[in-house]
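Asks: Fold the following for me, if possible:
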Amino acid sequence: MSTTPSHAALPRPSRRNRALAAFPWVLLACALALFGFAAYVALRYAQVASGAGGSGAAASGLWGQFGFLMGGIIGPALGFLTVVALAMTLLMQLNAAAEARREAETLRQEAEQRARPAFLEAKLAALSTLINAANHEIYRAGGTTVEQRQVWDDRKNAFLVEMDATFAALRALEPPAPAELPAAAGTTAPAA
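Replies: Predicted structure coming up:
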């Protein structure tokens, strides 16, 4: 029987992200309320215009007033909603860009972790080649000056120190060995 849950636990979105996700619906509700108000006022003006006796000049004047009223109410309200929508769109884009940067950084770190062992193995191979070359030069310089042989011996020792450090770094990347299981309880000697 598996003890893992059937669904992965997703991180809970922050209050800001929830507000940004709900914003389009709030904006739509405000716009619908504004247009509902405009429709209500239009119906009221239509009733008043029909009750004015149908004279063309009076009805025309009422509809002119209605146009000014709606232009004065709906125009600034739509302008304000547009500015708010623009600000929220910018916030959403900033959040998306920040999330993309976090994902890119995570991917870069994972790529570095995957490439690190290959780099260390290539470094070990290069150091081995350098040590072999130093051994060859030490052998070749066997009968010549002591200083020249000492220089190559110092280089070889520096390469060996670097190789030890590289081996240690490579061992540090290996996953730890599983802990040994404790001895079974039945193997102990009974007390007398």
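Asks: for stretch 22-42, what is the average pLDDT?
Replies: Averaging pLDDT along stretch 22-42 gives 83.
Asks: can you list contacts of that stretch?
Replies: For stretch 22-42, contacts defined as CB atoms under 8 Å, 6 or more residues apart in numbering pick out 66, 69-70, 73-74, 77-78, 81, 84-85, 88. Using the backbone N, CA and C atoms, a C-beta is placed for each residue, glycine as well.
Asks: ditto for stretch 164-178
Replies: By CB under 8 Å, 6+ apart, stretch 164-178 touches 116-117, 120-121, 123-124, 127.
Asks: switch the cut-off to 6 Å
Replies: 117, 120, 123-124 (CB atoms under 6 Å, 6 or more residues apart in numbering).
Asks: Which of those fall in helices?
Replies: Of the contacts of stretch 164-178, the ones assigned to helices by DSSP state H are 117, 120, 123-124.
Asks: Is it possible to get CSV of these that adds neighbour count?
Replies: What follows is the ones in helices among the contacts of stretch 164-178, written out as CSV (neighbours: other CB atoms under 10 Å):
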residue, neighbour count
117, 13
120, 18
123, 16
124, 16
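Asks: Now that we have those residues, can you turn them into TSV and tack on distance to residue 150 and pLDDT?
Replies: As requested, these are exported to TSV (distance: CB to CB, whole Å; pLDDT from 0 to 100):
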residue	distance to residue 150	pLDDT
117	35	83
120	30	81
123	26	82
124	26	81
